[in-house]
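In: here's my sequence, what's the structure:
(2 chains)
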Amino acid sequence: MAEIRPAWSEQFEPGRLRPVAALGLPGPISREWAWGGATGAGVKVAVIDSGIEASHPAVGGVAGGVILEYSPDSPEADEEGIVATLGPHEDLYGHGTACAAIIKKVAPECELYSVRVLGKKLTGKGIVFAGGLQWAIANGMNVVNLSLSTSKQDYFALFHDIVDDAYFHNVMLVSAINNVPSPSYPSQYAGVFSVAAHEGKDPLGFDYNPSPPVEFGAPGIDLEVAWQQASFIEATGNSFAAPHIAGVVAKILSKHPGLTPFQMKTILAALATNANVGG
Amino acid sequence: MSDRSDDVLRELGQLAANVGPAITPARHLELLRSITSAAMSLFGAAACSLALFRENQEELEFYVASGEGADEVVGMRVPIGQGIAGFVVSSGQPIAIEDVSRDPRFAAAFAAGTGYIPRSILAMPLETEREMLGVIEVLDRRTRGGGLEGSGEMEMLSLFADQAALAIENSQVFSDLGRALFAAAGLVSADTELTQALEQVAATAPPPSAELAELAALFNRLALVGPDERRLATRIVAEVVAFLGARRWQR
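Out: Residues are numbered from 1 along each chain as shown, chains lettered A, B, ... in the order given. This next block holds a predicted model:
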């Protein structure tokens, strides 16, 4: 009688299961083990935002970029109604530049990609955010910073699918949680690194919150951040906390390529300021 | 109904459809003003203003304001593709900036609009789970150092923003429905039944008036069918409402 196996179980048959590298975790996980000597080199980080001012002194160039716009009547639109324009572009507000500069401060040699999804009108905004995430997954990004969110419940399922897709592709999706008590997507899904601002200023200092949805706290209050036209301003927002975690993730990934999102969360939790270990 | 009362009804309908949007928001404006002045006094701020989307979804218009520069700021329009207000509604993220004058483009645009350049801005999206409506901004608050700074201030303003967003959404639904019904009343005549008039409004009005008029026309038709059909329709609508409620809780 042929052996009956439930679906998916064949992946675990002898000889089929792909060997994976052991994490090689030291006793207690230390900062030295996690990112000592690491610069973020070789790690692709997408900033899904308002664009990045590549010439800003705090950014130091970008590796690539794309503008995504909702324009369903255009002949160049894809089936979602999105038109993609590859190439250099400016930052509409300064916010994407702020996020990029924070990531570079933490992981100076990572490769930045600007995915501009904010634009001149609000129509189709959620579709374009989603398109930005899909672009990042399809183009081999390792880390994605998304300091944006939507509370519109129509997008609940769409974002859920994309976040799962990112997770299954080992794309580390770092998302700023909204400040308001109502739900915001995708920042409150379990598959993302959800970040809010804490009081600290140390770019490598972060907290782990064992009571999600928000899991990590990083600097985001009264920070000096890069802004449009080579300027700097002092600003507060959870949206500045997320790129700190994105930078730390990029830094760790450059030293330990191939980590999965749950392994990365384990390392971050172990190295959090409130975890009383590390060093 | 006599021809004369038909005429009066039609004229009243037309009048109401024309002036309705102007008079409906009166209490709503008062409420929004009370929100901006309460936020202003809580934060010890120089000014507080509230901007909403215009129909094209490409511009925000300052709708109510209290404090410094209030008269100049009301009615001011800003494209959403630039500036702090534009960023907040596009990204859905609140932001506080302490030294606005260091943002070269923004400071110039703001000063040109109101003649008053704030030092600091705290801006929060006005959003419900159904739509993004606009932004509330607090200028030059004096709570800094008073134990409310950082995320505490944002949490406080988000409570005001929630109230304002719900009030605005309610008022918009109410005035959209009112506008659709008044417009239909204006079309009723000896040759046009109410159902036809509502369908005509549904075919010509912009959404959401069109959708509400279509719904009203369907209900008007239902009133004319038998009790069994009405019961069936009630069950279907009840199921749809229950489904929407369930979807809401699935998040």
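In: which of the residues in stretch A:123-141 are classified as buried?
Out: A:124-137, A:141 (16 or more other Cβ atoms under 10 Å in any protein chain shown). Heads up, the C-betas are built off the backbone N, CA and C, glycines and all.
In: nope, stretch A:193-202 is what I meant
Out: Applying 16+ other Cβ under 10 Å to stretch A:193-202 flags A:193-198, A:200 as buried.
In: which helix runs longest in the chain?
Out: Reading this off chain A. Longest helix of chain A, by residue count under DSSP state H: helix A:238-255.
In: actually chain B
Out: For chain B, the helix that runs over the most residues, judged by DSSP H, is helix B:151-187.
In: can I get the very next helix or strand once past that one in PDB, CA atoms only?
Out: Per DSSP states H and E, helix B:151-187 leads on to helix B:194-204 as the next helix or strand towards the C-terminus. This file holds the C-alpha atoms of helix B:194-204, laid out as PDB (Å, rounded to 0.1, in the frame of the first residue of the first chain):
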ATOM      1  CA  LEU B 194     -39.900  60.500  -6.700                       C
ATOM      2  CA  THR B 195     -38.200  57.200  -7.700                       C
ATOM      3  CA  GLN B 196     -37.500  58.500 -11.100                       C
ATOM      4  CA  ALA B 197     -36.200  61.800  -9.600                       C
ATOM      5  CA  LEU B 198     -33.900  59.900  -7.300                       C
ATOM      6  CA  GLU B 199     -32.600  57.700 -10.100                       C
ATOM      7  CA  GLN B 200     -31.900  60.900 -12.100                       C
ATOM      8  CA  VAL B 201     -29.900  62.300  -9.200                       C
ATOM      9  CA  ALA B 202     -28.000  59.000  -8.900                       C
ATOM     10  CA  ALA B 203     -27.100  59.100 -12.600                       C
ATOM     11  CA  THR B 204     -25.800  62.700 -12.600                       C
END
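In: just want the angle from helix B:194-204 to helix B:151-187.
Out: On the basis of axes from the mean of the first three to the mean of the last three Cα atoms, to 10 degrees, helix B:194-204 is oriented at 130 degrees to helix B:151-187.
In: so which elements touch the very next helix or strand once past helix B:194-204?
Out: Sequence-wise, the next helix or strand downstream of helix B:194-204 (DSSP H and E) is helix B:209-222. Secondary-structure packing of helix B:209-222 (3 or more Cβ pairs under 8 Å, 6 or more residues apart in numbering or on different chains; DSSP states H and E): helix B:151-187, helix B:194-204, helix B:227-249.
In: of those helices, which is nearest residue B:140?
Out: Proximity to residue B:140 (Cβ to Cβ) singles out helix B:151-187 among those, at 12.8 Å.
In: spatially nearest residue to residue 40 (excluding sequence neighbours)?
Out: All of this refers to chain A. Distances taken as Cβ to Cβ, 6 or more residues apart in numbering or on different chains place residue A:107 nearest to residue A:40, at 2.7 Å, with adjacent residues excluded.
In: my bad, the chain I had in mind was chain B
Out: Here the nearest residue to residue B:40 in space, its sequence neighbours aside, is residue B:48; by Cβ to Cβ, 6+ apart that works out to 4.1 Å.
In: now residue B:119
Out: Leaving aside its sequence neighbours, residue B:119 sits nearest to residue B:140 (Cβ to Cβ, 6+ apart; 5.5 Å).
In: go on, residue B:28?
Out: Using Cβ to Cβ, 6+ apart, the closest residue to residue B:28 is residue B:171 (4.0 Å).
In: quick one: secondary structure of the nearest residue to residue A:230 once chain neighbours are set aside?
Out: Closest residue in space to residue A:230, ignoring its immediate chain neighbours: residue A:56 at 5.6 Å, by Cβ to Cβ, 6+ apart. At residue A:56 the chain is in coil, as set by DSSP: H, G, I helix; E, B strand; the rest coil.
In: list the contacts of residue A:56.
Out: Residues in contact with residue A:56, defined by Cβ atoms under 8 Å, 6 or more residues apart in numbering or on different chains, are A:97, A:100-101, A:226, A:230.
In: ok, it to chain B distance?
Out: Distance from residue A:56 to chain B, counting by Cβ to the nearest Cβ, to the nearest Å: 13 Å.
In: cool, residue A:162 as well?
Out: Distance of residue A:162 to chain B, given as Cβ to the nearest Cβ: 15 Å.
In: what helix or strand does that residue sit in?
Out: Residue A:162 is part of helix A:156-168, with elements assigned from DSSP H and E.
In: any idea how far whichever helix or strand comes after that helix is from the middle of the chain?
Out: Once helix A:156-168 ends, the next helix or strand along the chain (criterion: DSSP H and E) is strand A:172-176. Strand A:172-176 sits 3 Å away from the centroid of its parent chain (Cα atoms, centre = their mean, to the nearest Å).
In: which other helices and strands contact strand A:172-176?
Out: Counting contacts by 3+ Cβ pairs under 8 Å, 6+ apart, strand A:172-176 packs against strand A:143-146, helix A:156-168, strand A:193-198, helix A:238-255, helix A:261-271.
In: in the second one, what's buried?
Out: Same thing as helix A:156-168. Of the residues in helix A:156-168, A:156, A:158-160, A:162-163, A:165-167 count as buried by neighbour count, 16+ other Cβ under 10 Å.
In: export those residues as TSV, with columns for distance to residue A:174 and pLDDT.
Out: Compiled in TSV, the buried residues of helix A:156-168 are given as follows (distance: Cβ to Cβ, whole Å; pLDDT from 0 to 100):
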residue	distance to residue A:174	pLDDT
A:156	20	88
A:158	19	91
A:159	15	94
A:160	17	94
A:162	14	96
A:163	12	96
A:165	16	96
A:166	11	97
A:167	13	97
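In: out of these, who's nearest residue B:213?
Out: Closest approach to residue B:213 among the buried residues of helix A:156-168 (Cβ to Cβ): residue A:156, at 28.8 Å.
In: correct me, but the closest one touches residue A:188?
Out: No - the pair residue A:156 / residue A:188 is not scored as a contact, 10.3 Å apart, by Cβ atoms under 8 Å.
In: still on that earlier bit, let's have the helices and strands packed on strand A:172-176 in a markdown table, adding distance to residue A:4.
Out: Below are those laid out as a markdown table (distance: least, Cβ to Cβ, whole Å):
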| stretch | distance to residue A:4 |
| --- | --- |
| strand A:143-146 | 41 |
| helix A:156-168 | 27 |
| strand A:193-198 | 40 |
| helix A:238-255 | 41 |
| helix A:261-271 | 31 |
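In: so residue B:118 makes contact with residue B:47?
Out: Yes - at 7.2 Å, residue B:118 counts as touching residue B:47 under the criterion of Cβ under 8 Å.
In: for the chain, give me the ranges with low pLDDT.
Out: I'll assume chain A. A:1-2, A:179-182, A:277-279 (pLDDT under 70).
In: that answer is for a different chain, and I need it for chain B
Out: The low-confidence ranges in chain B, as defined by pLDDT under 70, are B:1-26, B:107-114, B:143-151, B:175, B:177, B:190, B:206-209, B:245-251.
In: spatially central residue for it, please.
Out: residue B:168 (4.0 Å; Cα atoms, centre = their mean).
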